[in-house]
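Enquirer: sequence and predicted structure are below.
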Amino acid sequence: MKGNNEWWLVLLEKAYAKMNVNYANLNKGTAGEALTTITGYPTSYYGPDRLSRLSDYELFDLLDHALDKYYPIVSASRD
């Protein structure tokens, strides 16, 4: 870690795990659920099937709009 300001993420993860009883239960959730719990705002899920129907322009527009609104953006993959 570069400085002391990066500890907030570790503490946030620990608090979220506590809300879900323990870390083992975090495997059952999604990043969107975590963001909703932490921020209180709704989230949108764009899975591979939904993303494949978007043109490059539509995807860029979607991300650009989210960035303009300062929405958090999360990306994930599954093995």
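Expert: Good, I have the coordinates.

Enquirer: in this protein, where is pLDDT below threshold?
Expert: Where the chain drops to pLDDT under 70, the residues are 1-4, 78-79.

Enquirer: got the domain boundaries for it?
Expert: By the assignment in automatic domain parsing, the chain contains the domains 1-43, 44-79.

Enquirer: most packed of those?
Expert: Stretch with highest mean neighbour count among the domains of the chain: domain 1-43 (a mean of 11; mean count of other Cβ atoms under 10 Å). The way it works is simple: take the backbone N, C-alpha and C, and place the C-beta from them, glycine included.

Enquirer: please state the offset of it from the chain centre?
Expert: Centroid separation for domain 1-43 versus its chain: 10 Å, with Cα atoms, centre = their mean, to the nearest Å.

Enquirer: begin at 15, not 1, for the rest of this chat.
Expert: Shifting the count to begin at 15 puts that one at domain 15-57.

Enquirer: where do the helices sit along this protein?
Expert: 21-33, 45-53, 62-65, 70-82 (DSSP state H).

Enquirer: export the ones you listed to a markdown table and tack on distance to residue 90?
Expert: A markdown table is the format used below for those (distance: least, Cβ to Cβ, whole Å):
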| stretch | distance to residue 90 |
| --- | --- |
| helix 21-33 | 15 |
| helix 45-53 | 6 |
| helix 62-65 | 11 |
| helix 70-82 | 15 |
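
Enquirer: so which of those is nearest residue 39?
Expert: Closest approach to residue 39 among these (Cβ to Cβ): helix 21-33, 7.5 Å.

Enquirer: out of the helices of the chain, nearest to residue 91?
Expert: helix 62-65 (9.8 Å).

Enquirer: contacting residues around the closest one?
Expert: residue 73 (Cβ atoms under 8 Å, 6 or more residues apart in numbering).

Enquirer: that older thread, looking at the helices of the chain, which is closest to residue 88?
Expert: helix 45-53 (4.1 Å).
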